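Asks: Task: produce atomic coordinates for the following.
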Amino acid sequence: MPNTQTALVSVRLSSMVGGLYPSCDRLQEALTQEFSQAIPLPELTSPPNAQVPQVSGSGGGSGVSRDWRSIAIIETSLNNQALLDHYLLQLEQAGWRQQVNGTTDQTTWSSLTLQDEGGQRWQGLLSINPDAEPNTYVASIIVFSIVSPRPTPTLNTPYNL
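Replies: Just a heads-up that it's a prediction; the model follows:
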């Protein structure tokens, strides 16, 4: 599951605007790329002999939180536990730590945490679900962080609009 969300999101946003405002398209593309690079999610590669015909991703942020969601359709002869293990290994190599994992009905999942270089704590949930087609799975990863609120600075001088 290559981390191509930035390119896909950028293309989708550009096509939604329809090229009527090229400077807005470039600004939105730059902001999307900058935002996705701020999320500490490594580029994940699919297992050998697997096909990933569809990937989508989106994210957002505010003053108190940031998040990224990505979904991929994966065609492989591996079962969902082997597929989960394949991606967990890559996440762990990037510093993510597995907290809890399990299987519910047909869904195999793992909860992860990471503290980035700036001290920010991140949480993630990786899940693998069989799709309707044989040997096809829906992989989903959600990564989010709650940003500690900082005190609002006070102005010592009158502020006029």
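
Asks: P53: what's it in contact with?
Replies: 73, 75 (CB atoms under 8 Å, 6 or more residues apart in numbering). Using the backbone N, CA and C atoms, a C-beta is placed for each residue, glycine as well.

Asks: Check the burial of the residue nearest to Y137 when sequence neighbours are not counted by counting its neighbours.
Replies: The shortest distance from Y137 to any non-neighbouring residue, by CB to CB, 6 or more residues apart in numbering, is to I74 (4.9 Å). When neighbours are defined as other CB atoms under 10 Å, I74 has 25 of them.

Asks: ok, now L112?
Replies: 21.

Asks: How much space separates the residue nearest to Y137 from Q99?
Replies: Note on I74: its distance to Q99, by CB to CB, to the nearest Å, is 23 Å.

Asks: again, but for N49
Replies: Taking CB to CB, one finds N49 at 30 Å from Q99.

Asks: neighbour-wise, which of these two wins?
Replies: Set N49 next to Q99 and count neighbours by other CB under 10 Å: Q99 wins out with 12 against 9.

Asks: The spatially closest residue to that one that is not a sequence neighbour: which element?
Replies: Nearest residue to Q99 in three dimensions, chain neighbours excluded: S111, at 4.6 Å (CB to CB, 6+ apart). In this structure, S111 sits in strand 107-115 according to DSSP states H and E.

Asks: partners of that strand in the sheet?
Replies: strand 97-104 (antiparallel), strand 121-130 (antiparallel) (DSSP bridges).
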